[in-house]
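> Next come a sequence and a model predicted from it.
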Amino acid sequence: MRLTRRSVLAASAATAGAATMSRAAPGQNAARFSLGFAPHEGSFKSRGSRLEQIAFAADQGFTAWEDNEAASRPVAEQTAMARALQQRGMTMGVFVASMPKWGEFRPLLGGNDDAERQAFLADIRASIDVAKRLNVKWMTVVTGFLDRKLPVEIQTARIIDTMRRAAEIVEPHGLVMVMEPLNTLVDHPNVFMQTIPQGFAVSTGVNSPAVKVLADLYHAQIQAGNLINTLQSCWDEIAYIQFGDNPGRKEPSTGEVNYRNVVRWLRAKKYAGVIGMEHGNSIEGRAGEERLIAAYREIDAA
């Protein structure tokens with residue numbers, strides 16, 4: 001049988017020994033990144049299937065992986081992905097625990113209809129098995145959309161209560177829901193949670209280790225900027241980070257965010273968690289994949 005790079009990568013994913021994030025895994029070609037940068041399916045599209053992309057990412061020194069859509073994938077695919085990550089010593093990052101209905105601007109978790117809150121909590125219950133299957137600690141939560149007919153204070157109180165109820169579901173399993181503030185100016189008009197400080201306020205109100213904030217710096221830069229000062233002020237409630245430059249939502253160095261300084265700050269804080277690469281590639285094809293890797297090598301050296 002003729003060996004191809006794709007078959008070699010797939011075999012590597014299936015046979016490499018397990019390792020921790022801080023230790024090089026068998027079959028790895030490049031030095032490991034010092035921070036837990038996490039690509040996702042599509043970051044290395046030219047390299048083949050999801051499992052082949054995981055193997056390629058590991059060979060390039062990446063130590064983590066993200067999959068927002070993991071909860072909707074068949075159980076067999078979830079299991080295969082978890083196995084591939086374990087065999088390459090990679091950490092699974094977030095998946096979305098309750099996917100919003102973006103086109104319908106739902107759910108209204110702070111609204112008058114309790115059925116939407118109950119449906120959200122049902123999704124949270126269902127996500128526990130997904131998280132265990134994937135061997136993941138963090139789940140992304142979007143706290144829904146604003147109800148323009150209700151005072152925001154009432155909606156805030158209801159969302160805090162809903163997140164407390166969700167925390168009671170996941171906390172016994174050691175899981176953490178990370179609420180993601182989203183920008184309203186470019187991508188997600190009318191979402192409820194729009195800034196990291198707003199997430200900090202809700203998380204503080206919930207007062208549970210199972211409810212924290214996901215700081216997606218692409219969204220934060222658009223909505224408010226002042227990234228490092230905001231991270232510093234809200235750090236006690238931040239459990240997860242995502243990168244993406246602005247404008248364009250591509251890899252670091254393609255926009256206005258000084259990710260070298262952000263990395264220096266995270267390193268000074270001794271942040272050892274996952275950093276999701278929540279963006280696309282600025283260049284199509286393998287040239288773009290190579291540029292992606294180079295961009296992360298540049299900031300990792302900061």
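Perfect, thanks for sending it.
> which parts of stretch 101-116 are buried?
Buried residues in stretch 101-116, counting neighbours by 16 or more other CB atoms under 10 Å, are found at 105, 107-111, 116. Backbone N, C-alpha and C define where each C-beta goes, glycine included.
> now stretch 39-54
For stretch 39-54, by 16+ other CB under 10 Å, it's 39-41, 43-44, 47-48, 50-54.
> Just the terminal-to-terminal distance for it.
From its first residue to its last, stretch 39-54 covers 9 Å (CA to CA, to the nearest Å).
> Which parts of the stretch 1-150 of the chain are strands?
Along the stretch 1-150 of the chain, the segments classed as strands by DSSP state E, counting those that start in this stretch run 36-38, 64-65, 91-92, 95-98, 138-141.
> Can you add mean neighbour count and mean pLDDT and give the ones you listed back as TSV?
Output for the strands of the stretch 1-150 of the chain, formatted as TSV (neighbours: other CB atoms under 10 Å; pLDDT from 0 to 100):
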stretch	mean neighbour count	mean pLDDT
strand 36-38	26	98
strand 64-65	26	98
strand 91-92	22	98
strand 95-98	23	98
strand 138-141	26	98
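> how about those strands in a markdown table, adding distance to Pro189?
Shown next, in a markdown table, are those (distance: least, CB to CB, whole Å):
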| stretch | distance to Pro189 |
| --- | --- |
| strand 36-38 | 28 |
| strand 64-65 | 30 |
| strand 91-92 | 31 |
| strand 95-98 | 19 |
| strand 138-141 | 19 |
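> one step back: using a markdown table, please lay out the buried residues of stretch 39-54 together with pLDDT and distance to Pro189.
Converted to a markdown table, these look like this (pLDDT from 0 to 100; distance: CB to CB, whole Å):
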| residue | pLDDT | distance to Pro189 |
| --- | --- | --- |
| Pro39 | 98 | 28 |
| His40 | 98 | 24 |
| Glu41 | 98 | 27 |
| Ser43 | 98 | 27 |
| Phe44 | 98 | 32 |
| Arg47 | 98 | 35 |
| Gly48 | 98 | 37 |
| Arg50 | 98 | 31 |
| Leu51 | 98 | 36 |
| Glu52 | 98 | 37 |
| Gln53 | 98 | 32 |
| Ile54 | 98 | 34 |
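> now, among those, which is nearest to Asn183?
Nearest to Asn183 among the buried residues of stretch 39-54, counting by CB to CB, is His40 at 19.5 Å.
> Fine, thanks again, bye for now.
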